[in-house]
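In: the following block contains a protein sequence and its predicted model.
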Amino acid sequence: MKAKVLAQRWSRSLEWVKRDTVLRVAWGGGLTLGFILLFFLGTFEWFELRSYDLRHTAFTHFPFNRLPNPPLQTPVLLLRIDEETEDHLNVRANDITRAMYADAVTHLSEAGASLIGFDIIFSRPKDPRQDKAFAGALKRAGNVVLARYIGQKGHRVPLQLFRDVELSEAMINVALQKDRCLRDMPLLALDFSGDEPAPVLTMSLELARLYLNFEGEQELDLSRADEFLLGPLRIPYPNGRMLIRFHGPPGTFPRMSFWRAVKGELDPSEVRGKIVLIGPSTPTLHDFYCTPYLQKEATTLKLEDSEQEVKVLGALMDGFEIHANAIQTILDRRFVTRSKNQKGVVPAILVVQGILGTWLLISRTRGSFVTTVFKWAFYVGIGTAGLLMLWRYDYWLDITPMYFLLAAQHTAAVSYQRLIERKKRRQVEGMFGRYVSHQVRDFLVQHPDAANPSGRKERLTMFFSDVRGFTSMSEKMEPQEVQQLLSEYFTEMTGILFKYEGTLDKFMGDAIMAFFGNPVPQPDQAKRAVLMALDMQEAIARLNQKLTAEGRRTIGVGMGINTGDVTVGNLGSKDFLDYTVIGDAVNLACRLEQNAKAGEIIITQATCDEVKDAVEVEPMEPIRVKGKSEPIPIYRVLRRRAAGG
């Protein structure tokens, strides 16, 4: 019968564990699937762009700026039409003449420039003689690429006079992302102004193509949706854009002021074999864009073809320097690849992370050192991996969904743990709430294994007390008086019992049964029980003073305490269980209480051996107990032992 009951309890425990595990798996799996769906919906895009920018900014700060990073070796030279140029040429940037441009082209060509690219569109005629002089300089140089713009509302192209003598023509369109920053660019657009659509390469790709000077026919292949093929060039091209590998914040590329080229004050060693990009760099021309390199204060940026202004945190970079970064990206063939654009990569990572997180949610080690290490390793590891992969492999790992999932897993684990703790608290309160103090109850919630209701053998200390002569006294009292007196008495006694963290077994009429050492182990259980009994006797003396002052009957209480091996647990019938103790040691404690006179505390040898350093005792006449051949030595507790006594 006992084996059957144990089997039933074990089966119920397994069922609860299975339900708990299934719930944790469902919680963890649901979180993971939800975040994968949010990823596909683009929920994290704004945050991911910010994290991408932060990674670029981190490269310029300690300790990441100490990473091995060879100096930029580039054939690109920037010629800036800046405030210095305006001062030296005594003209505003908008009013620089075609003759000045012609002089610059001539001097650059003579200095040995490999290619000259203009980030300026010469679409309007000006002084005819100067236009002709500029066309002549273009023809003599033979290495100038002019800019054009392809828009939905129309195109802006160079004058036909210039188109006849240019080396090539390229578009300077840029495509800003939702946050008005520029991290990628299209490499090609179609010109529908003719009889058939004609492909037009972007300035950066055209200059790189001409500089590389590939042999043979350079066939353009657009058959692949995620790759741009031009001759031997294979460029990752998801969504019709190439991610730019920015080599540093604004000012990274070699530069000089445009006026030096106009006046011929050039050092040929700085120009020879270079791709020279000429573009505006004055605030009045508004040719600058937000980039991934963040700055502390937001900058107001006027939108293209609009009077609207926005504030951005990205450091502003001249448009032609952005082209320089794109050119270098193509020349180095170090293209940035984003995990989002590789089908299944981010969802697969989230699934793995979800499995690990769910395992920890299921694991009984949650909240332990292992869980803490895992959590912080993920927090640090995700960011470090994202940073190092971008630095070392030009790989843009989408880390924001991982961080959000990790935070959600942590929140879910904490929330679930609180639910479980509340459930355990209710279970503990239902099992022990009437028996133990709130401190013991809180301990059992934190250490549920200690709250084991199954019957087991333990060495405990039992306490019994009884009001002497209460039956005859109560017969002379009104029921309300009996109830009031017992209520006052029990309130005082249970308060002291719980102060010493004892377990209340039951009230039996006017008697109290309690024990120490369970459900919370107490190495000093005997000492607690005896000191509690002394406090109870003192409290009874105070209560009697109060009763006397009120003209009511006083009481006297005898107490018995024994330490020994007992069976403890939920004991009783199928329909009614009681958390209690049974055994010879319990019966002996009850027998001591029956022999104790009012005000007496009687203990056994087993208890005395554990409290002799704390209290003073005196031997009493041994008692005989049924089933024992030898008399049992007993002692009367007199008082607390004086400190140092």
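Out: Perfect, thanks for sending it.
In: okay, F378: pLDDT?
Out: The score at F378 is 83. That number is its pLDDT.
In: that one contacts L406, correct?
Out: Yes - F378 is in contact with L406 according to C-beta atoms under 8 Å; the separation is 5.4 Å. Every residue, glycine included, has its C-beta placed from N, CA and C.
In: give the intersection of the neighbour lists for these two.
Out: Q353 (C-beta atoms under 8 Å, 6 or more residues apart in numbering).
In: now L397. Nearest residue, chain neighbours left out?
Out: Spatially, and ignoring its direct neighbours in sequence, L397 is nearest to G386 (4.7 Å; C-beta to C-beta, 6 or more residues apart in numbering).
In: how close does that neighbour sit to I36?
Out: Note on G386: its distance to I36, by C-beta to C-beta, to the nearest Å, is 19 Å.
In: one more: G569?
Out: Counting by C-beta to C-beta - G569 and I36 are separated by 48 Å.
In: go ahead and confirm F516 touches Q525.
Out: Yes - between F516 and Q525 there is a contact under C-beta under 8 Å: 3.8 Å.
In: what's the overlap in contacts for those two?
Out: 460-461.
In: which parts of the stretch 1-150 of the chain are strands?
Out: For the stretch 1-150 of the chain, the strands defined by DSSP state E, counting those that start in this stretch cover 76-81, 115-118, 144-151.
In: turn these into CSV, including distance to T563 and mean neighbour count.
Out: Shown next, in CSV, are the strands of the stretch 1-150 of the chain (distance: least, C-beta to C-beta, whole Å; neighbours: other C-beta atoms under 10 Å):
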stretch, distance to T563, mean neighbour count
strand 76-81, 90, 26
strand 115-118, 96, 27
strand 144-151, 95, 20
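In: which one of the ones you listed has the poorest average confidence?
Out: When I compare these, strand 144-151 is least confident, with a mean of 93.
In: run a quick neighbour tally on the residue nearest to L397.
Out: Residues near G386, counting by other C-beta atoms under 10 Å, number 25.
In: in which helix or strand would I find it?
Out: Assessed by DSSP states H and E, G386 sits inside helix 369-393.
In: swap in N562?
Out: Remark: N562 resides in strand 557-572, with elements defined by DSSP H and E.
In: list the neighbouring strands of that strand plus their orientation.
Out: strand 456-467 (antiparallel), strand 577-582 (antiparallel), strand 601-604 (parallel) (DSSP bridges).
In: out of those strands, deepest packed?
Out: strand 601-604 (a mean of 28; mean count of other C-beta atoms under 10 Å).
In: how about the CA coordinates for that one, as CSV?
Out: The C-alpha atoms that make up strand 601-604 are tabulated as CSV, following Å, rounded to 0.1, in the frame of the first residue of the first chain:
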residue,chain,number,x,y,z
ILE,A,601,10.2,22.9,31.8
ILE,A,602,11.4,19.3,31.8
ILE,A,603,13.9,18.0,29.2
THR,A,604,15.5,14.7,28.5
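In: neighbouring contacts of it?
Out: With C-beta under 8 Å, 6+ apart, strand 601-604 has contacts from 530, 533-534, 537, 558-564, 588-589, 592-593, 595-596, 611, 617, 620, 632-637.
In: quick check: bridge partners of T604?
Out: Assessed by DSSP bridges, T604 has beta-bridge partners I634.
In: measure it to V625 for me?
Out: 10 Å.
In: return every residue with contacts to both of those two.
Out: Common neighbours of T604 and V625, using C-beta under 8 Å, 6+ apart, are 588, 632.
In: neighbours of the closest residue to G112 other than its chain neighbours, how many?
Out: In space, and not counting its chain neighbours, G112 is closest to R272: 3.5 Å by C-beta to C-beta, 6+ apart. As a burial measure, R272 scores 12 neighbours (other C-beta under 10 Å).
In: dump the residue contacts of R272.
Out: 111-113.
In: could those be laid out in JSON lines, adding pLDDT and distance to L243?
Out: Written out in JSON lines, the entries for the contacts of R272 read as follows (pLDDT from 0 to 100; distance: C-beta to C-beta, whole Å):
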{"residue": "A111", "pLDDT": "96", "distance to L243": "33"}
{"residue": "G112", "pLDDT": "96", "distance to L243": "33"}
{"residue": "A113", "pLDDT": "96", "distance to L243": "28"}
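In: so which of those residues wins on neighbours?
Out: A113 (24 neighbours).
In: wait, that residue touches N143, no?
Out: Yes - here A113 reaches N143: they are 6.9 Å apart, a contact under C-beta under 8 Å.
In: quick check: domain ranges of this protein?
Out: Here the domain assignment for the chain is 2-65+340-426, 74-283+319-335, 450-640, based on automatic domain parsing.
In: turn these into JSON lines, columns for distance to L294.
Out: Output for the domains of the chain, formatted as JSON lines (distance: least, C-beta to C-beta, whole Å):
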{"stretch": "domain 2-65+340-426", "distance to L294": "4"}
{"stretch": "domain 74-283+319-335", "distance to L294": "9"}
{"stretch": "domain 450-640", "distance to L294": "53"}
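In: nearest to T291, out of these?
Out: T291 lies closest to domain 74-283+319-335 among the domains of the chain, at 6.4 Å (C-beta to C-beta).
In: just give me how far that closest one sits from the chain centre.
Out: Offset of domain 74-283+319-335 from its chain centre (C-alpha atoms, centre = their mean, to the nearest Å): 45 Å.
In: got it, and stretch 393-408?
Out: 11 Å.
In: could I get the average pLDDT for it?
Out: In the prediction, stretch 393-408 has an average pLDDT of 93.
In: other residues contacting that stretch?
Out: So stretch 393-408 is contacted by 31-32, 35, 38-39, 44, 47-48, 51-52, 243, 245, 334-340, 346, 349-350, 353-354, 357, 375, 378-379, 382-383, 385-386, 389-390 (C-beta under 8 Å, 6+ apart).
In: cool, and stretch 110-119?
Out: Residues contacting stretch 110-119 (C-beta under 8 Å, 6+ apart): 75, 77, 105, 108-109, 141, 143-147, 167, 170, 172, 203, 206-207, 210-211, 266-268, 271-280, 287, 319-320, 323.
In: could you dump that stretch to CSV, C-alpha only?
Out: Coordinates of each C-alpha in stretch 110-119 appear next as CSV, following Å, rounded to 0.1, in the frame of the first residue of the first chain:
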residue,chain,number,x,y,z
GLU,A,110,50.3,67.9,-67.2
ALA,A,111,51.0,66.7,-63.6
GLY,A,112,50.2,63.1,-64.7
ALA,A,113,46.7,62.5,-63.3
SER,A,114,45.5,59.1,-64.5
LEU,A,115,41.8,60.1,-64.4
ILE,A,116,39.9,63.2,-63.6
GLY,A,117,36.3,63.0,-62.4
PHE,A,118,33.9,65.9,-61.9
ASP,A,119,31.2,65.7,-59.2
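In: now the angle between strand 76-81 and the helix or strand V276 falls within, please.
Out: For V276, the host element (DSSP H and E) is strand 275-280. Relative orientation of strand 275-280 versus strand 76-81 (axes from the mean of the first three to the mean of the last three C-alpha atoms, to 10 degrees): 20 degrees.
In: could the C-alpha coordinates of strand 275-280 be exported in CSV?
Out: Taking Å, rounded to 0.1, in the frame of the first residue of the first chain, the C-alpha atoms of strand 275-280 are listed here in CSV:
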residue,chain,number,x,y,z
ILE,A,275,42.2,59.3,-59.8
VAL,A,276,41.4,63.0,-59.1
LEU,A,277,37.9,63.7,-58.0
ILE,A,278,36.8,67.4,-58.1
GLY,A,279,33.8,68.4,-56.1
PRO,A,280,32.2,71.1,-54.0
